[in-house]
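Engineer: One predicted model, sequence on top.
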Amino acid sequence: PLKTPSPPPLPTPLSFSVTPQPLLSFSSLTKKQERVSEFLEFNESLTTHGIPRGAETGVILHHIFEQICARGLCARFDAQAIAALVEEDVSSTPLDGWQSVIFEMVKETLHLSLPVEEGPFSLVDLQRDEVLQEVEFLYPTREGFLKGFIDLAFEKGGKYYFLDWKSNYLGPDDASYFQENMEKCMEDHDYFLQASIYAEGLKRYLAHFDSRPFSETFGGAFYLFLRGRSVYY
């Protein structure tokens with residue numbers, strides 16, 4: 001009679017030792033909270049400095065600028081479409097009633113003069129194919145993986161820049177947004193650390209298609225303080 005073959009021996013189980021890596025972000029590294037609670041402070045002045053303060057304001061304003069860039073409304077500055085977008089994003093929120101102030105703030109911000117090597121320009125001068133928004137990055141560090149989003153990156157004159165929208169309140173009028181005061185805010189909120197994290201993310205992204213050293217391709221970072229329509233470069 002035929003013998004039934006013996007089953008083959010089971011393979012030796014493989015054992016892997018993997019150390020979990022934490023997922024980090026700029027916010028988790030700083031662990032700093034907003035110093036002003038949600039909409040607790042209100043200024044009757046119908047100017048950008050009177051816009052209620054708090055994290056929700058930052059989220060709303062950030063989304064407005066994000067959508068302006070996504071819909072291509074920046075380069076040709078479509079005032080009617082931008083006003084409709086502001087109304088759409090602000091209506092039925094704690095910022096309802098501030099539409100006209102926010103529209104003027106957006107308009108002035110998009111026309112702000114930004115210093116670059118080839119000469120000053122404003123965001124309305126950028127073409128749609130020169131802009132990338134919400135650039136996501138994830139890269140390893142000794143402490144774990146760093147993850148985040150760059151608000152806006154753009155190319156101008158063969159160099160690459162990134163930009164961050166900031167709704168921080170620095171004082172009751174435009175004069176409060178002078179360079180030293182903005183620099184102090186940058187230090188207090190660890191925005192210089194944020195800039196270095198974003199720069200590394202941009203560097204790794206550019207390496208995929210631009211072989212030049214990053215020192216030659218990187219033009220710098222712009223922090224736009226929206227309430228003062230001021231720029232820290």
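Structural biologist: Yep, it's here.
Engineer: All the helices of this structure, residue numbers only.
Structural biologist: Along the chain, the segments classed as helices by DSSP state H run 26-30, 55-70, 79-90, 99-110, 179-188, 191-206, 214-217.
Engineer: got those as TSV, with distance to residue 156 and mean pLDDT columns?
Structural biologist: (C-beta placed from N, C-alpha, C; glycine too.) Formatted as TSV, the helices of the chain follow (distance: least, Cβ to Cβ, whole Å; pLDDT from 0 to 100):
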stretch	distance to residue 156	mean pLDDT
helix 26-30	25	81
helix 55-70	15	94
helix 79-90	22	96
helix 99-110	15	97
helix 179-188	22	98
helix 191-206	14	96
helix 214-217	12	96
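Engineer: mind putting those in CSV, distance to residue 48 and mean neighbour count included?
Structural biologist: Converted to CSV, the helices of the chain look like this (distance: least, Cβ to Cβ, whole Å; neighbours: other Cβ atoms under 10 Å):
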stretch, distance to residue 48, mean neighbour count
helix 26-30, 25, 14
helix 55-70, 10, 18
helix 79-90, 13, 16
helix 99-110, 5, 19
helix 179-188, 15, 14
helix 191-206, 20, 18
helix 214-217, 34, 12
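Engineer: what pLDDT does the residue most central in space within the chain get?
Structural biologist: Here the mean C-alpha position of the chain is nearest to the C-alpha of residue 151 (Cα atoms, centre = their mean), at a distance of 2.7 Å. pLDDT, the model's per-residue confidence, is 95 for residue 151.
Engineer: residues near the closest residue to it other than its chain neighbours, how many?
Structural biologist: In space, and not counting its chain neighbours, residue 151 is closest to residue 164: 5.0 Å by Cβ to Cβ, 6 or more residues apart in numbering. Residues near residue 164, counting by other Cβ atoms under 10 Å, number 18.
Engineer: so what's residue 164 bridging to?
Structural biologist: In this entry, residue 164 is beta-bridged to residue 223, by DSSP bridges.
Engineer: pretty sure it is in contact with residue 222, am I right?
Structural biologist: Yes - applying Cβ atoms under 8 Å, one finds residue 164 in contact with residue 222, separated by 7.4 Å.
Engineer: closest one to residue 173 among the helices of the chain?
Structural biologist: Among the helices of the chain, the nearest to residue 173 by Cβ to Cβ is helix 179-188 (11.6 Å).
Engineer: what's the angle from the closest one to helix 191-206?
Structural biologist: 80 degrees (axes from the mean of the first three to the mean of the last three Cα atoms, to 10 degrees).
Engineer: With only the CA atoms kept, save helix 179-188 in PDB.
Structural biologist: Written as PDB, here are the backbone C-alpha positions of helix 179-188 (Å, rounded to 0.1, in the frame of the first residue of the first chain):
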ATOM      1  CA  GLN A 179       9.500  94.200  13.600                       C
ATOM      2  CA  GLU A 180      10.700  93.900  17.200                       C
ATOM      3  CA  ASN A 181       7.200  93.200  18.400                       C
ATOM      4  CA  MET A 182       6.600  90.500  15.700                       C
ATOM      5  CA  GLU A 183      10.000  89.000  16.500                       C
ATOM      6  CA  LYS A 184       9.100  88.800  20.200                       C
ATOM      7  CA  CYS A 185       5.900  87.000  19.200                       C
ATOM      8  CA  MET A 186       7.900  84.600  17.000                       C
ATOM      9  CA  GLU A 187      10.100  83.800  20.000                       C
ATOM     10  CA  ASP A 188       7.300  83.600  22.600                       C
END
